[in-house]
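Undergrad: Structure, please.
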Amino acid sequence: MQNEPLDILVIGCGVSGLTTGLLLQEAGHRVRIWAKTLPPYTTSNAAAAVWHPFKVHPPEKVAPWGAEAFRRFEKLLATPESGVIRSPVLEMRVERGADPAWRGVVGNFRHATAAELLPGRVDGYVFEALVIDTNRYLEYLRGRFLAQGGQIAQRTVERLDGAFVESQVVVNCTGLGARELVGDRDIHPSRGKVVRIRQRDFHQVILDDDDRSSMAYIIPRIDDIVLGGTDEEDVTGEHYRGEEYIESTTLDPEAEAIVQRVARLTPRLAEVTSADVLKVVTGWRPVRSQVRLEGERVTPERILLHNYGHGGAGVTLSWGCAREVVEQLAAMIG
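TA: Sure, this is the predicted structure:
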């Protein structure tokens, strides 16, 4: 297989699968994607998403993966159809701690002043980051992948044997699907719900999500504003039923509570009614003790690479993790 283009099958069509597929194409390989669920109904489509390493480990790997992704997203600022925009961010903290490892990646990082913080918040960060509007971004990735000769099929893969019949190199980007596909009981879901409202000429990201029970955040995008959220972790996975993305236009009691929590962050969003609501979206984050990014030889001829378990940072780490998949494959084929 050395120095020859390979036929590669990627399983999963969220941000990890699409980004990995693109970089494998750039490395000269022929790539197909199979997935049970396709955009716009993947977990990645439910993400807000602001560049921010949320709920993901290990930190020593997350930092370089995230930095690589940030550089890639910055280049996409010049491509409006990608949905990537720059945004000021205010993040509030309930306790003081060491500066985040990613402070050197974002722009103009500083600690918030007391006047910028809510009562009870003792510290915070102000910086410039990037918002990736998944309404546009997933379609942009899919379009690039297809334009470069990739193929995408909606197909459920229940056993890896079936995948290896099609390709000697398989990349597992199944997220929560890895729980059944490869028997990984470390990965489990965390349910997140957000309310998307009409854009009101409001363009600052505000994060106040230290406390899971009262978390609130605002992530303005191009055509809407994402109000969040929830982080309901199912550590055993017993209650997960394979959902990836659910949407409605109804402000149920949980969504109304989100709107009320967000109102404390800024008076400009204190009056949100059902008429303002575009969608109420629920997705399930693929949480793991740490990202699984590794390759293995199943047989002398068969290579399996894993890229999943990104928690709430799938978009944030996407390009960095995808590049490592390409590098690991190159090392394995010599």
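
Undergrad: Quick one: classify the spatially closest residue to Val298 that is not a sequence neighbour as helix, strand or coil.
TA: In space, and not counting its chain neighbours, Val298 is closest to Leu304: 5.2 Å by CB to CB, 6 or more residues apart in numbering. In this view, the C-beta of every residue, glycine as well, is placed from N, C-alpha and C. State at Leu304, reduced to three classes by DSSP: H, G, I helix; E, B strand; the rest coil: strand.

Undergrad: and the gap between Ala178 and Arg86?
TA: Distance of Ala178 to Arg86, given as CB to CB, to the nearest Å: 33 Å.

Undergrad: between these two, who's got more neighbours?
TA: Using other CB atoms under 10 Å, the more surrounded residue of Ala178 and Arg86 is Ala178, with 24 against 13.

Undergrad: give me the element that one is part of.
TA: Taking DSSP states H and E as the criterion, Ala178 maps to helix 178-181.

Undergrad: Repeat that for Gly192.
TA: Going by DSSP H and E, Gly192 is in strand 188-198.

Undergrad: Would you give the sheet partners of that strand, along with the direction of each?
TA: Sheet pairing of strand 188-198 (DSSP bridges) gives strand 224-228 (antiparallel), strand 232-233 (antiparallel), strand 277-287 (antiparallel).

Undergrad: Select, out of those, the one closest to Ile246.
TA: Nearest to Ile246 among the strands paired with strand 188-198 is strand 277-287 (4.5 Å), distances taken as CB to CB.

Undergrad: Is the residue nearest to Val298 in contact with Gly295, as I believe?
TA: Yes. If you go by CB atoms under 8 Å, Leu304 and Gly295 touch, sitting 7.0 Å apart.

Undergrad: that older thread, for the residue nearest to Val298, name its beta-bridge partners.
TA: In beta-bridge terms (that is, DSSP bridges), Leu304 pairs with Val170, Glu296.

Undergrad: returning to what we had before: nearest to Gly314, of the strands paired with strand 188-198?
TA: That would be strand 277-287 among these, by CB to CB, at 7.4 Å.

Undergrad: Now do that closest one, average pLDDT.
TA: Averaged over strand 277-287, pLDDT sits at 97.

Undergrad: same question, stretch 242-260
TA: Per-residue scores along stretch 242-260 average to 95.

Undergrad: now do stretch 89-106
TA: 94.

Undergrad: Quick one: distance of that stretch to the chain centre.
TA: Counting by CA atoms, centre = their mean, to the nearest Å, stretch 89-106 is centred 19 Å from the centre of its parent chain.

Undergrad: buried ones in it?
TA: Buried residues in stretch 89-106, counted by 16 or more other CB atoms under 10 Å: 89-93, 100, 102, 105-106.

Undergrad: hang on, the earlier thing: which outside residues touch the helix holding Ala178?
TA: For helix 178-181, contacts defined as CB atoms under 8 Å, 6 or more residues apart in numbering pick out 11, 157-160, 172, 174, 184-185, 187-188, 237, 240, 286, 292, 306, 308-309.

Undergrad: Restricting to C-alpha, output that helix in CSV.
TA: Provided in CSV are the C-alpha atoms of helix 178-181 (Å, rounded to 0.1, in the frame of the first residue of the first chain):
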residue,chain,number,x,y,z
ALA,A,178,-19.0,3.5,18.5
ARG,A,179,-20.8,2.2,21.6
GLU,A,180,-22.3,-0.6,19.6
LEU,A,181,-20.0,-0.8,16.6
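
Undergrad: in it, what's buried?
TA: Here helix 178-181 shows 178-179, 181 as buried, counting by 16+ other CB under 10 Å.

Undergrad: ends of stretch 139-155, how far apart?
TA: 19 Å (CA to CA, to the nearest Å).

Undergrad: Please apply the same query to stretch 144-156.
TA: 23 Å.

Undergrad: tell me the mean pLDDT for it?
TA: 98.

Undergrad: which outside residues touch that stretch?
TA: With CB under 8 Å, 6+ apart as the criterion, stretch 144-156 contacts 13, 18, 21-22, 25, 30-38, 142.

Undergrad: For Arg144, grab phi and psi.
TA: The phi and psi values for Arg144, taken as degrees, to the nearest 10, are phi -60, psi -40.

Undergrad: what about it, neighbour count?
TA: Neighbours of Arg144 under the rule other CB under 10 Å: 18.
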